[in-house]
Every structure is written in structure tokens, then in C-alpha cells.
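Engineer: here is my input; please provide its structure:
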Amino acid sequence: MKALRIERPNRATLVELPIPQPGENEVQIKVMASGVCGTDVHILRGEYLGDYPVIPGHEFSGVVERVGERVTRFQVGNRVAVEPNIACDNCYNCLHNRQNFCLNWQAIGVTRPGGMAQYVVAPEKSVFAIGDLPFEHGAFMEPLSCVLHGIERARIRLADRVAILGAGPIGILLLQATQLQGAVQVTVVEKNPARAELARACGAFQCFSQLDDLEEGRYDVVIDATGVIPVMARTVDLAQHGGTVLLFGVPPSGQPMELEAFKIFRKGLTILSSFTSVRNSYQAVALLQSKRIDVSGLISHQLSLGEFERGVELIEQGLEGVRKVLIVPQ
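Structural biologist: Here you go, the predicted structure:
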């Protein structure tokens, strides 16, 4: 099979490898669509968790090709998506229902071969049926599950005023999920005109191009979806007294962020982060199937495996009206 492998930071190559065979509790999947995520960009740039060499790709969907002898939920031909985080279910964190912090954590596309390949294997417990959902929509199951976990942590209430910083694919998913929670006004900050227009089309109450356009101290919940440290640092200014800040975007590792401690204390803020998801995959599939979360406007590019680095450059530089870049391995 063909696969895209990151050999080391800033070096990715197209390689020929044997098709991986499933173990007794595993499913072999023919990958039909695999999303390029900010995490993949960080892995390529050497800024995030990841073992090298690694086949990236943790947002993907496809068709079941083979099943292990102990697999019971799937048959050949089933259309599926994958939750990439693999927990041991037996460590301290797993037994406290914090599987996303498993002490023996593994992840498809991060520490194990991922979906930037024509075939991949995954544990049965990580695989979810998507029915007749288009493959390119099914590939959003994983990022949407992460968004749902973040929204659950933020505890958005009816009639809350929410600010979302960034209207990339994750920002748009956060926007739609926030509206489902009952927020009365969702204000978005996005400097890219095409992304800002999409945010408006998805129901943003207001959309500004600059952080300075927002009124400080106004918002019940402020969500950063950029991972840009200077932007993240402004969240405490925007939140109102007693408000909540959710740092959702993935920042580069090893870089500090400066916050005014007294301001956090005086405003009584709750500051949260959100790491991956915890049992949110069924929710994500149901919302995608019902179109309560609509991803049809998020896909801007569909590229081949050999164009992975081009896809990364599109994302990093914001070129060609880029939104979500999908790799189509077949």
C-alpha cells in the first residue's frame, strides 16, 4: 500500500509498505478520507507528541476490509470512522473515567500508524459505524468529538454570550455546538475574510476581524480556537466577572503564556483547557447524521497522499481560501 510517513520533524515521504493485518480484536479499514489537523502540522514541525517515524492521520473514515476473529460489532463492508485515542482501561486515570489521560495512552496517527495511508488497523473499541454518512463528513467524527468534550467542560448555559476566537474548521464546529447549547449571542473573531463569511453563514451574531473590536469584560464564555499564544492571553480580558475561559486551540509546546494573576483573581474567572475527548464519538456521529452539526461547507481541498505537505502549507499560510484539507488515499 501507499502511505505518507513523517520520518522526522519537517520531513515527510511517500512510501510503499505492506498492508497491515488485523489482530484478533482489530479491524482493518480501507481509508477513504483523512483530515489534516493542526496536530498533524505540529507533529510535522516537531512541536507536539509523536513518535518518529509515524504515519499521521487521526481524523479518518473508511470501509471495513477485514476483521479479527474476536470482533463482533463489524462486518466487511461496514462504513466506519475511528476514535484514535486508545486507553488501557486499567490505569488510575482510566478507572476514574479520565481515559483521555490514560497513563498508557496510545493514539492512531500519533504513536501508532494512522490514516494517511491506504489501509490502517484499529482496535474494535475505537471504531464507530457511520451508516450512509459521506466519508468526507465521517472524517469529522474525531474533531467534533473533541469539540463536544470542550463544550461539556465549558458548561455553556441558556442565553450566554460567547466569544470564539478563530473560525477555522474547529472554530466553526465550536460555533455550531455552542448554539446547540442555547447561547443567545456567539461573537466570532476571524481575520480571514472567507472564514469570517462562513461564520456568519453558520449563525454568528457578530464577526470581527480584530480582537480589539471586541468589548472587554462582556462575555460569559470565551473560547480560543487558534492555539496562538498572544491571542490566548487576551481571553481573560474579554471574559466578564465570574466568566469562563476555554483554551481549546493547540499551542506550540515549550512556549510560555503570560497572564495577569490579579485580573484572574479579581474577576473570579474559571480557566479551562480541553484535551481530546472522553466517550463523545456516538454523540458526534448522531449530530453529523442529523445535520444538527453541518460540515458540508468546511471542506475546501481534497488532495492525494503525496500532496500532504502542500496541504500543511495551505493551512499554515491560509492560502486558497483553505478551510478543511482532506487527504484521499485511494
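
Engineer: and the closest residue to residue 97 other than its chain neighbours, what does it touch?
Structural biologist: Using C-beta to C-beta, 6 or more residues apart in numbering and skipping the chain neighbours, the partner closest in space to residue 97 is residue 278 (7.0 Å). C-beta: built from backbone N, CA, C; applies to glycine. The contact partners of residue 278, by C-beta atoms under 8 Å, 6 or more residues apart in numbering, come to 97-100, 149.

Engineer: where exactly do the helices run in the stretch 101-250 of the chain?
Structural biologist: Taking DSSP state H, counting those that start in this stretch as the test, the helices found in the stretch 101-250 of the chain are 135-138, 141-154, 169-180, 193-201, 229-233, 235-238.

Engineer: I'd like those helices as JSON lines, with distance to residue 219 appended.
Structural biologist: Below are those laid out as JSON lines (distance: least, C-beta to C-beta, whole Å):
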{"stretch": "helix 135-138", "distance to residue 219": "30"}
{"stretch": "helix 141-154", "distance to residue 219": "12"}
{"stretch": "helix 169-180", "distance to residue 219": "11"}
{"stretch": "helix 193-201", "distance to residue 219": "16"}
{"stretch": "helix 229-233", "distance to residue 219": "14"}
{"stretch": "helix 235-238", "distance to residue 219": "5"}
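
Engineer: out of the ones you listed, flag the one nearest residue 87.
Structural biologist: Proximity to residue 87 (C-beta to C-beta) singles out helix 141-154 among these, at 13.9 Å.

Engineer: ok so, going back, by mean pLDDT, show me the worst of the helices of the stretch 101-250 of the chain.
Structural biologist: Mean pLDDT is lowest for helix 193-201 among the helices of the stretch 101-250 of the chain, at a mean of 94.

Engineer: could you pull out the strands for the stretch 201-330 of the chain?
Structural biologist: Along the stretch 201-330 of the chain, the stretches classed as strands by DSSP state E, counting those that start in this stretch are 206-208, 219-224, 239-247, 270-273, 299-303, 324-327.

Engineer: for the fifth one, buried residues please.
Structural biologist: Spelled out, that is strand 299-303. Judged by neighbour count (16 or more other C-beta atoms under 10 Å), strand 299-303 contains these buried residues: 299-301, 303.

Engineer: out of the residues you listed, flag the one nearest to residue 24.
Structural biologist: Nearest to residue 24 among these, with distances taken as C-beta to C-beta, is residue 303, at 34.8 Å.

Engineer: would you mind measuring from the closest one to residue 309?
Structural biologist: With distances taken as C-beta to C-beta, to the nearest Å, residue 303 is found 10 Å from residue 309.
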